[in-house]
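1. Coordinates only, no sequence provided:
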C-alpha cells in the first residue's frame with residue numbers, strides 16, 4: 001500500500017521535484033517508518049468506508065486488454081465499475097499501445113507463451129506470479145496495461161500463461177505443487193481505487209476467478225472484512241490478518257485461522273497488532289508487541305492452537321525494544337534503543353544508539369549481538385528465520401546512513417555475524433520469504449531519477465550451499481524489459497509451489 005501510494009504521488013508531482021538531499025531524507029523517513037505507524041495507516045484506510053478502498057496507481061478498466069482468457073465467475077467481488085473514457089494523452093505522450101503490441105509481451109520480462117503441455121511439467125520449485133505494468137497518460141492518469149499470470153521454471157524459463165481481467169487485482173498467496181488452482185485475494189478496481197479484497201481461487205488453466213470467503217464473513221452490520229494473508233501454520237491452515245471498517249468488527253483487527261476448505265479454526269483478537277506478529281519457525285506460536293505501557297519493555301507469545309498469550313520481558317537494561325524475528329523456536333532477534341518509541345514515531349536515521357539483541361523466551365539472559373561498541377549499526381527492523389538460528393534481513397549497508405540512496409541489500413545473520421548477500425546497492429530490498437534454507441527477496445534497481453521507483457524483481461539465495469551468503473542471487477522473476485518512459489511497475493505478487501508467497505508493497 002505504501003509503495004503504491006508513493007507511486008501515485010511520484011507520478012503526480014514530477015514537475016515539482018525537491019532537491020535530491022531533501023528527497024533522500026523523505027524517502028529515508030518513509031522507509032524507516034515504524035511498524036505501528038504502518039499498521040495505523042492500514043487501519044486508517046480501513047476506517048474510511050464500509051467498502052474499504054486503498055489508493056493505488058490505477059485508472060479504470062478502459063484500456064485494451066491483451067488476447068487471452070479473461071473470465072470471472074459469479075458472485076463477483078462487487079459491482080462491475082462503470083467504464084470511463086480513456087483520457088486524451090498530452091502532446092508529448094504516446095497513446096495506449098495496441099492489442100498486438102501488448103500481446104507481444106510489452107511490460108513483461110523476456111518470456112514465451114506457455115506450451116500446451118506446461119502443466120504436465122510443473123512441480124516443486126516453480127513460481128507463480130502476476131505482473132501488472134501501468135501506462136502513464138499524463139496529468140497523473142495511469143492505466144493498467146495488462147494483468148498477466150506468469151510461470152517461472154527453476155531452470156530459468158519464464159512463461160506467459162494467461163491474461164486476467166484488467167478490473168481485478170489478483171494477489172496469489174498459496175499454491176501447491178501439481179495444483180491447477182491457486183488461493184488468491186481478489187479485489188475489484190474501480191477508477192483509481194482498489195476495493196475490499198476477498199478470499200478466492202484462481203483456475204490456472206482458464207483464468208476463472210471464484211470468490212470463496214469461507215467463514216470470513218461480513219460483520220453484523222454488513223461491514224466487509226479486509227483480509228491479508230500472513231502465513232501457513234504447522235497444521236497447514238491459512239492464517240489471515242483481518243481488519244474491518246470503522247462501523248463494524250470493533251474497528252480493530254484479528255488473526256483468523258482457516259482450514260484449506262475455508263472453515264474457521266479460531267480467531268485471535270490482536271487489534272492493530274496483527275500486522276506486527278512474527279511466526280516462530282515451527283508454525284505454532286507468534287510473538288506480538290504490546291500496545292500498552294509495557295510496549296518496548298515486554299511482548300506476548302501467543303499459542304496459535306489455543307489463542308492463549310504469555311507475557312515476556314525483553315530484559316535489556318536501559319533499552320526499549322521491538323521484535324525483529326524469531327531466531328529459533330526459543331529465541332528472538334530484537335532491536336533496541338535508549339528511549340521509548342512514541343505511537344506513530346519514525347525512526348531517526350541519524351540515531352547512533354540502535355542495538356541488536358537476542359532475547360530468550362525460556363528465561364536465559366539477553367545477549368547483545370550488535371551495537372555501537374561492537375560494530376557499525378545496520379538498521380534491523382524485520383526479518384525471517386532461515387534455520388539453524390539464521391535470520392534473513394534487509395536494510396541499508398553497514399556504515400551508511402539511512403538517507404543514502406541505493407545502499408540497500410539483503411543480509412544473513414549466522415551466529416553473531418552479518419553477511420551481505422550479493423549483489424548490494426539496490427534502491428529498495430524487502431525479504432519476503434524463507435523456507436528450507438532458501439531466502440526470497442524483492443528488490444528494485446537504483447533509478448537515475450530519484451523521484452521514480454524501478455520495477456521490482458524476485459531473487460532467491462540458497463544458504464544451504466553458501467552459509468556465508470557469498471554466492472550471487474538467482475533471479476526467479478526479472479523486472480520487465482526496458483520500454484518507453486510511460487511504462488512502469490510490473491511484478492505484483494508471487495507464490496512458490498509449496499513455499500512462501502509475497503507482494504511487492
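-> Received, thanks. Predicted, not measured: the structure shown is a model, and the values here were computed from it.

2. gap between residue 136 and residue 457?
-> 21 Å (Cβ to Cβ, to the nearest Å). From N, CA and C alone the C-beta is placed, and that goes for glycine too.

3. Repeat that for residue 297.
-> Counting by Cβ to Cβ, the gap from residue 297 to residue 457 is 40 Å.

4. okay, those two: which has more neighbours?
-> residue 457 (22 against 16; other Cβ atoms under 10 Å).

5. nearest spatial neighbour of the more buried one, skipping sequence neighbours?
-> residue 479 (4.4 Å; Cβ to Cβ, 6 or more residues apart in numbering).

6. List the buried residues in stretch 311-319.
-> By neighbour count with 16 or more other Cβ atoms under 10 Å, stretch 311-319 contains the buried residues 312, 314, 315, 316, 319.

7. average pLDDT across it?
-> Taken as a whole, stretch 311-319 carries a mean pLDDT of 93.

8. Show the end-to-end separation of it, please.
-> Start and end residues of stretch 311-319 are separated by 18 Å (Cα to Cα, to the nearest Å).

9. what's it in contact with?
-> 290, 294, 296-301, 321, 334, 336-338, 355, 357, 359, 361, 365-366, 368 (Cβ atoms under 8 Å, 6 or more residues apart in numbering).

10. Please pick the buried ones from these.
-> Buried among the contacts of stretch 311-319 by 16+ other Cβ under 10 Å: 296-301, 321, 334, 336-337, 355, 357, 359, 361, 366.

11. Mind checking which of the residues you listed are in strands?
-> 298, 299, 300, 301, 321, 334, 336, 337, 355, 357, 359 (DSSP state E).

12. Export those residues as TSV, with columns for distance to residue 128.
-> TSV is the format used below for these (distance: Cβ to Cβ, whole Å):
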residue	distance to residue 128
298	40
299	35
300	35
301	33
321	37
334	34
336	39
337	40
355	40
357	38
359	37
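
13. Closest one to residue 502 out of these, please.
-> Among these, residue 334 lies closest to residue 502 (Cβ to Cβ), at 23.2 Å.

14. Pretty sure residue 101 sits in a strand.
-> No - under DSSP: H, G, I helix; E, B strand; the rest coil, residue 101 falls outside any strand and is assigned helix.

15. what about it, how many neighbours?
-> Neighbours of residue 101 (other Cβ under 10 Å): 14.

16. avg pLDDT for stretch 235-251?
-> On average, stretch 235-251 scores 74.

17. meant to ask about stretch 366-382
-> Stretch 366-382 comes out at a mean pLDDT of 69.

18. My read is that residue 392 contacts residue 439, right?
-> Yes - the criterion here is Cβ atoms under 8 Å, and residue 392 meets it with residue 439 at 4.3 Å.

19. who's more crowded, the two?
-> With neighbours defined as other Cβ under 10 Å, residue 392 and residue 439 compare such that residue 439 has more, 29 against 25.

20. Quick check: phi and psi at that one.
-> Per-residue torsions, residue 439: phi -120, psi 120 (degrees, to the nearest 10).

21. residue contacts, residue 170?
-> Contacts of residue 170 by Cβ under 8 Å, 6+ apart are 130, 147, 149, 164, 184, 185, 186, 187, 202, 209, 493.

22. Please identify which of those is nearest to residue 158.
-> residue 149 (11.8 Å).

23. what's the closest non-adjacent residue to residue 284?
-> Residue 284 sits nearest to residue 234 (Cβ to Cβ, 6+ apart), 5.3 Å away.

24. For residue 287, see how far away the one you found is.
-> 16 Å.

25. Also residue 106?
-> Note on residue 106: its distance to residue 287, by Cβ to Cβ, is 44 Å.

26. tell me which element residue 170 is part of?
-> Using DSSP states H and E, residue 170 sits within strand 168-174.

27. Please tell me how far that strand is from the chain's geometric centre.
-> For strand 168-174, the gap between its own C-alpha mean and the chain's C-alpha mean amounts to 12 Å (Cα atoms, centre = their mean, to the nearest Å).

28. And the average pLDDT for that strand is what?
-> Per-residue pLDDT over strand 168-174 has a mean of 95.

29. Any stretches of the protein with poor pLDDT?
-> Applying pLDDT under 70 to the chain flags the ranges 1-92, 191-195, 218-221, 245-252, 341-352, 371-378, 397-404, 467-469, 505.

30. Quick check, residue 124 in contact with residue 498.
-> Yes - assessed by Cβ under 8 Å, residue 124 is found in contact with residue 498 at 5.8 Å.

31. neighbour-wise, which of those two wins?
-> For residue 124 versus residue 498, neighbours defined as other Cβ under 10 Å are more numerous around residue 498 (18 against 12).

32. And for that one, nearest residue in space, chain neighbours not counted?
-> residue 177 is the one closest to residue 498 (Cβ to Cβ, 6+ apart), at 4.9 Å.

33. And what about the one you found, helix, strand or coil?
-> Secondary structure assignment for residue 177 (three-state DSSP): coil.

34. so how many other residues sit close to it?
-> Considering only other Cβ under 10 Å, residue 177 is surrounded by 13 other residues.

35. for it, what are its contacts?
-> Contacts of residue 177 by Cβ under 8 Å, 6+ apart are 122, 123, 124, 126, 497, 498.

36. Regarding residue 155, what is its secondary structure?
-> coil.

37. What number of residues are in the vicinity of the residue nearest to residue 446 when sequence neighbours are not counted?
-> Spatial nearest neighbour of residue 446, chain neighbours left out: residue 406 (3.6 Å); criterion: Cβ to Cβ, 6+ apart. By the criterion of other Cβ under 10 Å, residue 406 has 18 neighbours.
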